[in-house]
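Participant: sharing a model prediction with you, sequence too.
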Amino acid sequence: MAIKIVEHALEYQDRVRAFNRRMKEKGSAWAFYENPVPRWIPKRGDQSTWRQYYLALDDDDEVRGGYCLKHQTFWFGGRVHKIASFQGPVSEGAVDRKYGLAAVCMVRDMLAREPNLFAFGGNEDITRLLRANRWSVLHTPLCLKVIRPYRFLRLNRMLRNSTSRRWILDGLAFSGLGWIGLKSLSSMRTIAHRHPLLADCEIVETFCDWTDELWLSSRESYDVSAVRDSEALNLLMPKDGWPPVIRLKITFGSQVIGTAAVLDTPMQDDRRFGCLRVGTIVDNFGLLAHSPRIVAVATNLLEQRGVDLIVSYQTHPQWLEAFRANGFQVLQNRRVLAFSPSLERQWGHAESLLCDLHMNTIDGDGPLGLAPVGSLRSATYPEQPEAGFYWKDDAEE
Ligand SMILES: CC(C)(COP(=O)(O)OP(=O)(O)OC[C@H]1O[C@@H](n2cnc3c(N)ncnc32)[C@H](O)[C@@H]1OP(=O)(O)O)[C@@H](O)C(=O)NCCC(=O)NCCS
């Protein structure tokens, strides 16, 4: 069987629907976007950042898989370069070995379109395939701060996935021991890294000129970072679009020292968070020397809004230190970061790259699963319209 890859278009919508139906019938919780126009960063004119969907078709032009490329400009080697990251793929090979070729063809196709490619997100199924194709695969941390221990222990699903664990966590919550443990862990960290974490912030509607100035004055201190000028940030986090972030302009005295974007999401029956109110630091950027202040401002805002916990994916050692200084736990090996052979040749060896690479929640797959679906609810994806790929139900009893 030959597989060809095409850009998703309206004419394939019914065939994607049929693909999703077959995946479900064969027991998979994964599906692909039926609408060919991405809701997050569709291409409109000549823009630096956009997402595009591709489909794998068999000899009969039936859809057997799909993936998404996110084109973006990155700062590295003292210059701005165009590269891309991918999301997915999802392949019928996962449920029917007859289509094992689809995933290999999709990986080859994305590399032919953009050899300098990375993935930030994904799971072990895809890392097996990538490793077999000489990609470098790392696992990067998640920063977690529990603000309301009682609600966290009672309502989260991440930890409460077996009856015995549920009993223990309930015991901790009701006795107050969990509260004491989680609170003292977080305050011990804050004391150990004591900084005068003061700064001012203004909630802004869009990223404007001050973002460009901040980008130009800060970018030299990073080896590798996605371009975070006003054009890029307004495309990644559009006003009135997805993800519905709160944007912060952070100042210290008269100087703009950083920017942050946060989400405050009341989850409902979420596979990991249950019904918790989840704060996410989606993006953080600025002068590295001020990173603890920037994290402090974003954290304070979310705490004041009443979230139960705050999460953020981060890679840069100095930013990770800034999160620790603000009472976050750094949980290792939580998000896959994979580099194509060509990108690794350009950026340098994957392991050593982590010394000065700035990626966070907005990079790669973005805050899928952490942002509310709200106004984006669509008839085709009632559960997770913007995730596109349904989450696997990984709750184990
Ligand atoms: C992730 C996913 C796309 C991988 O597809 P898959 O078909 O399971 O991929 P596999 O790793 O089994 O590889 C497919 C075949 O290609 C082969 N292969 C891999 N690299 C190859 C290469 N360079 N040349 C030739 N064959 C190759 C594998 O050996 C395998 O062959 P086999 O079926 O004879 O064992 C699929 O499992 C999936 O859709 N999962 C659900 C969605 C998902 O998790 N997506 C990723 C994160 S969002």
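Facilitator: Done, it's in.
Participant: now do the contacts for the nearest residue to residue 276 once chain neighbours are set aside.
Facilitator: Distances taken as C-beta to C-beta, 6 or more residues apart in numbering put residue 308 closest to residue 276, at 4.4 Å, once the chain neighbours are dropped. (Each C-beta comes from the backbone N, C-alpha and C, glycine too.) Contacts here follow C-beta atoms under 8 Å, 6 or more residues apart in numbering; on that basis residue 308 touches 146-148, 151-152, 155, 276-278.
Participant: which one of the residues you listed is nearest to residue 219?
Facilitator: residue 278 (30.2 Å; C-beta to C-beta).
Participant: for the ligand, what is the nearest residue in this structure?
Facilitator: residue 93 (2.5 Å; C-beta to the nearest ligand atom).
Participant: would you state the strands of the stretch 1-150 of the chain in chain order?
Facilitator: 4-7, 50-57, 63-76, 79-91, 117-120, 136-146 (DSSP state E, counting those that start in this stretch).
Participant: next one: the stretch 151-300 of the chain
Facilitator: Counting by DSSP E, counting those that start in this stretch, the strands of the stretch 151-300 of the chain are 200-204, 224-226, 246-252, 255-266, 277-286.
Participant: buried ones in the longest one, by neighbour count?
Facilitator: Going by neighbour count (16 or more other C-beta atoms under 10 Å), the buried part of strand 255-266 is 256-265.
Participant: ok, the third one next?
Facilitator: Within strand 246-252, the residues scored as buried using 16+ other C-beta under 10 Å are 246-252.
Participant: how about stretch 214-228?
Facilitator: 214-215, 218-219, 222-228.
Participant: what sits closest to residue 285 if chain neighbours are left out?
Facilitator: Nearest one to residue 285, counting by C-beta to C-beta, 6+ apart, is residue 228 at 4.8 Å.
Participant: also residue 77?
Facilitator: Closest to residue 77 by C-beta to C-beta, 6+ apart is residue 346, at 7.6 Å.
Participant: does the helix or strand harbouring the one you found reach the ligand?
Facilitator: Assessed by DSSP states H and E, residue 346 sits inside helix 341-347. No. Helix 341-347 lies out of reach of the ligand by C-beta under 6 Å from any ligand atom, never closer than 12.0 Å.
Participant: and that helix, average pLDDT?
Facilitator: The pLDDT scores in helix 341-347 average 96.
Participant: what does it contact?
Facilitator: 76-77, 81, 83, 111, 115-118, 134-136, 224, 339, 350, 353, 357.
Participant: what's opposite the closest residue to residue 312 other than its chain neighbours in the beta bridge?
Facilitator: Nearest residue to residue 312, sequence neighbours excluded (C-beta to C-beta, 6+ apart): residue 281, at 3.9 Å. For residue 281, the beta-bridge partners under DSSP bridges are residue 262.
Participant: and the residue nearest to residue 276, its phi and psi?
Facilitator: phi -90, psi -30 (degrees, to the nearest 10).
Participant: how far away is it from residue 264?
Facilitator: The gap separating residue 308 from residue 264 is 10 Å, by C-beta to C-beta, to the nearest Å.
Participant: equivalent analysis for residue 145, please.
Facilitator: 14 Å.
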